[in-house]
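Novice: The following block contains a protein sequence and its predicted model.
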Amino acid sequence: MAVKEVKRKGKKIKEAEIEAKDQRWHCRNRVTLVFGSNDVEELDTYIYTKDSLDFKTVQFHQAKSKAIEEILDNCIDEFYRGHVTEVKTTLSEDGKTVTVQDNGIGFPLTKVQMVYSEFRTGSKFKDMEVDEKGYLHRTLGQNGLGAAATCLTSDEFKVTVKHYNSKKEQTFTFVDGALKIKKTRPKPFKGASGVKIQVTLAKEVYKNNVIDEELLRKRIIDLAYNNPGLKFLFNGESYLYKKGLFELAQRIDADNAQLIGDDKYTFDGVNAKKKKYKGLYDVSVAVVLNAKSEEREKFISFVNSTPTFDGGFHHDRVKRLFINIIKDKLEREAKKAKVTLVDNDILGGMTFVIGVIMPNPRFESQTKRKLVRDNNFDKAIEQFMTKYMAKFMRNNKDYLEHIIERAKSRVRFAALKDASKKGKKQKKQRVEKLLDANERKKRDKCTLFICEGDSAIGGLRSARNKLYQGGIALKGKPMNVSQATIKDVLNNQEFSDIMASIGLVIGQPAQMEDLRYSKIVFLADSDVDGGHINTLLTNFFFTFWPELFEQGAIQIAKAPLFEIITDKETMYAESDDELESIKKKKGIKIKEIQRNKGLGEMSPQAFKYVLGRGDYTKIAIEELSDAKGMLETCFGKDTQLRKNLLIDDNEVKINLKSI
């Protein structure tokens, strides 16, 4: 099918002008293609303080930072080859000139001009060639761009190479992005060989050519942690580490830092020339476990000493394997606790410190901020995590328990949120069983009696102060909320009625000024069952509104066990001892003693005596954590705790005291 002809007006049409720009122009005017963003941006990272790290958002100039890093990275490549033991860096007082010097072997002087002013020049292009031991080379630079791009975007780039093999040194000065090149004559040298580079970046290219001292120091310390045994000097400061990235984790938090593992992995392959080769991965993973923190997980990671700010394959793989291995380990516990673990249950408060040294790393761009997938590396990480996570979990049983507790708290929080919505609706519903106080305005003067059984409510109905006293009856023993879900509690009619009567909502703190009753008084029989009812009610209110105890709102009314009718008055005793004390009083003639088995047997006068007292036994909390522990012992699912309590011969201190 023929292409349709487009009819255009005029005889000639102006065409696009085709230009050819040299690499200097292209690098200086398109620096973002080589070094990334040329604008100041915000970066979430960390800064080294004297003894620790400060995670913060910094003002970061990607291109400027990368230009200097390229020079440092070349020193690291020589360290990988076994030629460098020390790297010295200085930053001038005005922050515009950086000098980097190593004590490596240098390189042929005839190659200096080409290396620093021509792209695609270097020694690291032969990706599949091996060293004398048969291993693929491991480097930071692979494209022959970095150092040359720094030179071409500098006002001055001065290089002194002291070549070990030729025993000669020579200095090249590249001015205005290598538009002008000056060089000295080669001459013999004494002392250490190596390369020294002095850089002043071009203000024309970078807008502001001042180097951030704090971020440069961070990069140098990062390199020191990544390359244990390699000494770094920066403006008189010395950095030398022996344990590598685990020391970095310890610097974050010495008490909570743990080394998951530090190991080497090899793989075999065949190159295009059908020659066999071996590849070597160094993998180091450390973590900082802060169980008290609810912050999202953080990652500090490096590939061949380069910080991978944007993460990538090593981040994702380590993170996913860490999560999956722990989920598999805790599967039974999670089912038992009726929770489903999510990633944040495991990762909350954690900081991962990951270091990888590998052959031929592939990044998304020249800025090397994100690592892409590597099949051989995938196998190495899986072997690494499988090997070391078993020991990690054995050593961190408390952490595993904390994960389950965190999941429980999350589920509980969600349930409380739902409960709050449902509770607001229940709060407005009329409670049929409530014998309400008649006061409408001064509800802070009202008291609600929670009674054992309908018979008790009958006695309360006739004896109460109708204006300020109300009552509601229980049917038998209330629910044990420690072994129930929040949904179960909400669906429990008795507790729903109690909450609606008082104005309480699960998931919302009790505001005294908003409640319909300022005092909640338990009124049960003076026997073992009555005591059990009182403790179950205490557990209910303490579980959801512990603040009521601080306000003294939760109280117990003790019903008289004996009614003693004398010739002058009726007296009441709450115990056998109190009865005996009354019997011994002089001037009293006892006509009759009535023993009440329960509230239903009390006379109307006894009810009036109880309700007329006004103040009752307040339940107060001395120590919140102890109270929670005791209630968990008494009402929790672990029956062994109760058995231990019952057979303990020592005195048990319960911090629920009577006032």
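Specialist: Sure thing, it's come through.

Novice: Tell me which residues of stretch 574-590 come out buried.
Specialist: Of the residues in stretch 574-590, 578-579, 582 count as buried by neighbour count, 16 or more other CB atoms under 10 Å. Glycine gets a C-beta too; all of them are placed from N, C-alpha and C.

Novice: Span of it from start to end?
Specialist: 17 Å (CA to CA, to the nearest Å).

Novice: how close does the residue nearest to D222 when sequence neighbours are not counted get to I221?
Specialist: Distance criterion CB to CB, 6 or more residues apart in numbering; nearest residue to D222, sequence neighbours excluded, is P307 at 6.1 Å. P307 sits 11 Å away from I221, going by CB to CB, to the nearest Å.

Novice: residues shared between the contacts of the two?
Specialist: Here P307 and I221 have no joint contacts, going by CB atoms under 8 Å, 6 or more residues apart in numbering.

Novice: hang on, the earlier thing: nearest to K14 among the buried residues of stretch 574-590?
Specialist: Of all the buried residues of stretch 574-590, E578 has the smallest distance to K14: 113.9 Å, by CB to CB.

Novice: who touches the closest one in this structure?
Specialist: Contacts of E578 (CB under 8 Å, 6+ apart): F562.

Novice: That one: helix or strand, and which one exactly?
Specialist: helix 576-583 (DSSP states H and E).

Novice: Centre of the chain to that helix, how far?
Specialist: Between the mean C-alpha location of helix 576-583 and the chain-wide mean there is a distance of 62 Å, by CA atoms, centre = their mean, to the nearest Å.

Novice: downstream neighbour of it in the secondary structure list?
Specialist: Following helix 576-583 in sequence, per DSSP H and E, is strand 590-595.

Novice: Direction included, what does that next one pair against?
Specialist: Sheet pairing here is set by DSSP bridges, and for strand 590-595 it gives strand 562-566 (antiparallel).

Novice: quick one, the helix holding E578 and strand 590-595 angle?
Specialist: Per axes from the mean of the first three to the mean of the last three CA atoms, to 10 degrees, the angle that helix 576-583 makes with strand 590-595 is 170 degrees.

Novice: So in terms of bridging, what pairs with the residue nearest to D222?
Specialist: Under the criterion used (DSSP bridges), P307 bridges to F302.

Novice: so who does D263 touch?
Specialist: Counted by CB under 8 Å, 6+ apart, D263 has contacts 282-283, 384, 387-388.

Novice: and those residues, which are buried?
Specialist: 282-283, 384, 388.

Novice: Make a markdown table from those and add pLDDT, secondary structure and distance to K442 to it.
Specialist: Output for those, formatted as a markdown table (pLDDT from 0 to 100; DSSP: H, G, I helix; E, B strand; the rest coil; distance: CB to CB, whole Å):
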| residue | pLDDT | secondary structure | distance to K442 |
| --- | --- | --- | --- |
| D282 | 91 | strand | 75 |
| V283 | 94 | strand | 71 |
| F384 | 95 | helix | 70 |
| Y388 | 96 | helix | 67 |
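
Novice: Tabulate those residues in CSV, adding columns for distance to V411.
Specialist: Below are the buried ones among the contacts of D263 laid out as CSV (distance: CB to CB, whole Å):
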residue, distance to V411
D282, 41
V283, 35
F384, 33
Y388, 30
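
Novice: how about stretch 352-372 as PDB, C-alpha atoms only?
Specialist: What follows is stretch 352-372, C-alpha atoms only, in PDB (Å, rounded to 0.1, in the frame of the first residue of the first chain):
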ATOM      1  CA  PHE A 352      19.000  -2.800  57.600                       C
ATOM      2  CA  VAL A 353      22.600  -2.300  56.700                       C
ATOM      3  CA  ILE A 354      23.400  -4.200  53.500                       C
ATOM      4  CA  GLY A 355      26.700  -4.400  51.600                       C
ATOM      5  CA  VAL A 356      27.500  -6.200  48.400                       C
ATOM      6  CA  ILE A 357      30.700  -6.600  46.400                       C
ATOM      7  CA  MET A 358      30.000  -8.200  43.100                       C
ATOM      8  CA  PRO A 359      31.300  -8.500  39.500                       C
ATOM      9  CA  ASN A 360      29.700  -6.500  36.800                       C
ATOM     10  CA  PRO A 361      26.900  -4.800  38.800                       C
ATOM     11  CA  ARG A 362      24.200  -3.300  36.600                       C
ATOM     12  CA  PHE A 363      22.500  -0.100  37.600                       C
ATOM     13  CA  GLU A 364      19.600   1.800  36.200                       C
ATOM     14  CA  SER A 365      21.800   4.700  35.200                       C
ATOM     15  CA  GLN A 366      25.300   6.100  35.500                       C
ATOM     16  CA  THR A 367      24.400   7.600  38.900                       C
ATOM     17  CA  LYS A 368      24.300   4.000  40.300                       C
ATOM     18  CA  ARG A 369      21.500   4.700  42.700                       C
ATOM     19  CA  LYS A 370      19.500   1.600  42.000                       C
ATOM     20  CA  LEU A 371      20.700  -2.000  41.300                       C
ATOM     21  CA  VAL A 372      18.900  -4.100  38.700                       C
END
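
Novice: Please compute how far that stretch lies from its chain's middle.
Specialist: 24 Å.

Novice: CA-only coordinates of the helix holding E578 in PDB, if you can.
Specialist: Taking C-alpha atoms only, helix 576-583 is exported to PDB below (Å, rounded to 0.1, in the frame of the first residue of the first chain):
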ATOM      1  CA  ASP A 576     -18.200 -13.100 111.400                       C
ATOM      2  CA  ASP A 577     -15.600 -11.100 113.200                       C
ATOM      3  CA  GLU A 578     -17.700  -7.900 113.100                       C
ATOM      4  CA  LEU A 579     -20.700  -9.900 114.400                       C
ATOM      5  CA  GLU A 580     -18.700 -11.100 117.300                       C
ATOM      6  CA  SER A 581     -17.600  -7.600 118.100                       C
ATOM      7  CA  ILE A 582     -21.200  -6.400 118.200                       C
ATOM      8  CA  LYS A 583     -22.200  -9.300 120.500                       C
END
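
Novice: just checking, Q594 touches Q605?
Specialist: No. Using CB atoms under 8 Å, Q594 is not in contact with Q605; the gap is 10.6 Å.
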